[in-house]
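[1] based on what follows, work out the 3D shape:
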Amino acid sequence: MTAITLLDGGMGQELLRRAGDAPHPLWATKVMLDHPGLVQAVHADYFAAGATIATTNTYAIHHDRLAKHGLDDRFADLHNAALAEAEAARDAHGFGRLAGSIGPLVASYRPDAHPAHDQATALYTEVAALLAPRCDLLLGETVASVAHARALIAGARPVAEAQGIPLWLAVTVDDRDGTRLRSGEPIADLKGHLDGVAALLANCSAPEAMDQAMPHLQAHGLPFGAYANGFQQITADFLKENPTVDALNARPELTPDRYADFALGWVAQGATIVGGCCETGPAHIAEIGRRLRAAGHALA
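    Sure, this is the predicted structure:
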């Protein structure tokens, strides 16, 4: 059968659940400051569940977010801390790859708030340069518009190429129309803008939307796949300035077994990279891995 790359699941929500802290605008970054070692423990549990890639806890480590809380001087230190915890989990496990996560500037799901191209490109380059020397690939996540994709690729691709590692791009699609980015632009509009991208994914959208996205991702001719979230919906409160994740609610029916149904459906459509995003945990990844192996697939 097919070799499938099994990603890990959500990091931020899992950290908050384990820490028991009140949600904060700095989200997973603050948990890392307050609870050293917890990120490593989450990575370790995902590796134990069968994940072959650990996604670094660097998604929200951007100047614009840190400066609001007087922590911008910790920018490089926080990246190094996240990388060290991922490395420690991988080394203890004995194998696995690290994906250096580059999240959106300013806010998730807000293509209207994304900075101008040249400014964004420089910021993405800075993050990529910190991640690339210690990662096996760079992963641009929750890309909500063509402009966002262009800036991230322009910033990260030269760094990835210099380091000799691939750049993957993960777009976030409309929860009700998985053929479109959250900006409203069709996934097809990415054509001509993906030079240097080694894999095209969809992330942090409803799993039903990923079902719709699959053929539109495949049309770009790259390895493709998805990792969905388990939110009921992206609420208006979460799209406000400095949101916290208590504005979002998990779907109680999205059990590991039900989520694995979706993931195996994406594989049936040709996906070779699957995993989970917010509100999925090690149990979801373990069930996907079990089902993939039972179907005769190898985990790569």
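[2] count the neighbours of Arg90 for me.
    For Arg90, the neighbour count with other C-beta atoms under 10 Å is 20. From N, CA and C alone the C-beta is placed, and that goes for glycine too.
[3] please name the nearest non-neighbouring residue to it.
    Gly96 (4.6 Å; C-beta to C-beta, 6 or more residues apart in numbering).
[4] any low-confidence regions in this structure?
    232-251 (pLDDT under 70).
[5] for it, what spans make up the strands?
    Applying DSSP state E to the chain gives strands spanning 3-6, 53-55, 97-102, 137-143, 167-171, 197-203, 224-228, 273-276, 298-299.
[6] distance to Phe47 for those - can I get that in a markdown table?
    A markdown table is the format used below for the strands of the chain (distance: least, C-beta to C-beta, whole Å):
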| stretch | distance to Phe47 |
| --- | --- |
| strand 3-6 | 10 |
| strand 53-55 | 7 |
| strand 97-102 | 11 |
| strand 137-143 | 16 |
| strand 167-171 | 19 |
| strand 197-203 | 20 |
| strand 224-228 | 16 |
| strand 273-276 | 13 |
| strand 298-299 | 11 |
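[7] right, and the ones you listed - which one's nearest Thr255?
    strand 273-276 (12.3 Å; C-beta to C-beta).
[8] got a list of contacts for the closest one?
    Here strand 273-276 makes contact (C-beta atoms under 8 Å, 6 or more residues apart in numbering) with 4-10, 51, 53, 168, 199, 201, 223-228, 230, 259, 263, 266-267, 284-285, 288.
[9] can you list the strands that that strand pairs with?
    strand 3-6 (parallel), strand 224-228 (parallel) (DSSP bridges).
[10] got the contact list for the first one?
    With C-beta under 8 Å, 6+ apart as the test, strand 3-6 has contacts from 50-53, 225, 267, 271-275, 285, 288-289, 292, 297-300.
[11] separation between the residue nearest to Arg90 and Ile288?
    Using C-beta to C-beta, to the nearest Å, Gly96 is found at 16 Å from Ile288.
[12] looking at those two, which one has more neighbours?
    Ile288 (31 against 19).
[13] rewinding a little: out of the strands of the chain, deepest packed?
    Per residue and on average, the most neighbours among the strands of the chain fall to strand 224-228, with a mean of 30 (mean count of other C-beta atoms under 10 Å).
[14] before we move on, the earlier item: ok, which of the strands of the chain comes nearest Glu85?
    strand 53-55 (9.2 Å).
[15] give me the contacts around that closest one.
    5-8, 11, 43, 46-47, 86, 89-90, 96-99, 101, 136-137, 139, 141, 275.
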